[in-house]
Structures are given as C-alpha cells and as structure tokens.
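*Asks:* have a look; sequence and predicted model below, questions after that.
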Amino acid sequence: SILEAMEREEILLHFPYQRYDYILRFFNEAIISKRVKEIKVALYRVAEQSHVVNALISAAHNGKKVTVFVEAKARFDEENNLKWAARMQTAGIDVRFSSIELKVHAKVALLIGEDSKGKPTKYAFFGTGNFNEKTAAIYADHALLTTDPRLTDELDQTFEFIFGNEQHVDLVDGVGGDLLLVLC
C-alpha cells in the first residue's frame, strides 16, 4: 500500500527512472480506501487519456469529496484541460478554474482521511512534473509523497487559497515558507 508506506516514511520518486505507476497507485488507493474522505488536486497538464483524471471521476462516483483546480492557461493544453474539466463536472467533481490574476503551475494533490490506526491524516503529493503518465516516461521529474503535517497542512491552506475559499495563507514556520511563491 502506497498510503501505508507514506505513513512510515517520506517517498521521493524520480521519473522516468522509476515508474509512474506509483502515482497511479496513489490515486487508485484513494478511490477504494474507506479511510480517504476527500481529495484535492491542482492540474496543470494531463494526458489525453488520463488515468489520473479517470481515477478522480471514479473517486467522486464512490462518494469521495473531490475538488480540482484546473489551470485554463496551460499553454497548448487549454482544450484538453477544458475537456477534462467538463467531464469532471459532469461526474460531480467541484472544479475550480484559474483566474486572470492567478496562474497556478502546480502539480500537487492532497488526500484527507484517516491513517491505518484511525488517526486523522493527510497524504500529500508534491511534483515537478505534470499528472501525465505519458510525458512522465520522457521528462526528468521528481515527486515527494509525504504525511508530514507541516507540509500537508500548508498544502491544505494553499488549496483553500487557490480554490478561492481563503484570502490569506499562514505559512508554516520552519518549512521553506515559499510554497505560495512556487504555486503562484
């Protein structure tokens, strides 16, 4: 289980050296796990036949609360992003779009639920690449999977900001503190 492995230690992946299947497993476990209640994702570019977006649609069909930020200004991928956004909305996913004032070039995801012991936990994905299993086989990118509350709480606040639910984000002391600058 990717989620149980994340509870034990952080996982750093290097693509294409390591297979992108680990990320697909991350989302597939989120779909079926009764412990995962909510999924938040920022999408910049996705594959034309995206397993990740299909997983999010399945999660919504399974009763999970799914909120997705779609960057409508992903150069050369606008049409594909809007196509997937419409499919996600039809599936009941809360889709939020970028605005003129804010471009989010982020590849992040957050699962909210309980760990294997029933304790409230957040599982985060931070990536340099896109949620695109096709390009992951070509481009050199990295992904960090973590349950560190300093990082997961800051990511949760940042999601609330980019979703338009919060006007201000309190950055966590001792953790980079530049997350918003990276996302904006």
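*Replies:* Looks like it arrived, so ask away.

*Asks:* how about the strands in this protein?
*Replies:* 11-15, 36-43, 65-70, 94-97, 107-114, 120-127, 141-146 (DSSP state E).

*Asks:* what is the third one packed up against?
*Replies:* Same thing as strand 65-70. strand 36-43, helix 51-61, helix 78-90, strand 94-97, helix 149-162 (3 or more C-beta pairs under 8 Å, 6 or more residues apart in numbering; DSSP states H and E). Bear in mind the C-beta positions are built from the backbone N, C-alpha and C, glycine included.

*Asks:* could I get the strands of the chain as TSV with mean neighbour count, mean pLDDT and distance to Lys134?
*Replies:* Shown next, in TSV, are those (neighbours: other C-beta atoms under 10 Å; pLDDT from 0 to 100; distance: least, C-beta to C-beta, whole Å):
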stretch	mean neighbour count	mean pLDDT	distance to Lys134
strand 11-15	16	92	11
strand 36-43	23	95	14
strand 65-70	22	93	18
strand 94-97	16	89	22
strand 107-114	22	95	14
strand 120-127	20	95	15
strand 141-146	19	93	13
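
*Asks:* ok, which of those strands comes nearest Ser50?
*Replies:* Ser50 sits nearest to strand 36-43 of all the strands of the chain, at 8.7 Å, using C-beta to C-beta.

*Asks:* beta partners for Ile39?
*Replies:* Beta-bridge pairing for Ile39 (DSSP bridges): Val66, Leu111.

*Asks:* give the contact list for it.
*Replies:* By C-beta atoms under 8 Å, 6 or more residues apart in numbering, the residues touching Ile39 are Ala30, Leu56, Ala59, Lys64, Lys65, Val66, Thr67, Ala109, Leu110, Leu111, Ile112.

*Asks:* where does the chain dip in pLDDT?
*Replies:* In the predicted model, the chain carries pLDDT under 70 at residues 73-77, 99-100, 102-103, 105, 165-184.

*Asks:* for it, list the residue farthest from the centre, please.
*Replies:* Lys117 (23.5 Å; C-alpha atoms, centre = their mean).

*Asks:* angles on the backbone of it, please.
*Replies:* Phi and psi for Lys117, reported as degrees, to the nearest 10, are phi -100, psi 10.

*Asks:* pretty sure Ile138 sits against Ala47.
*Replies:* No: using C-beta atoms under 8 Å, Ile138 is not in contact with Ala47; the gap is 11.9 Å.
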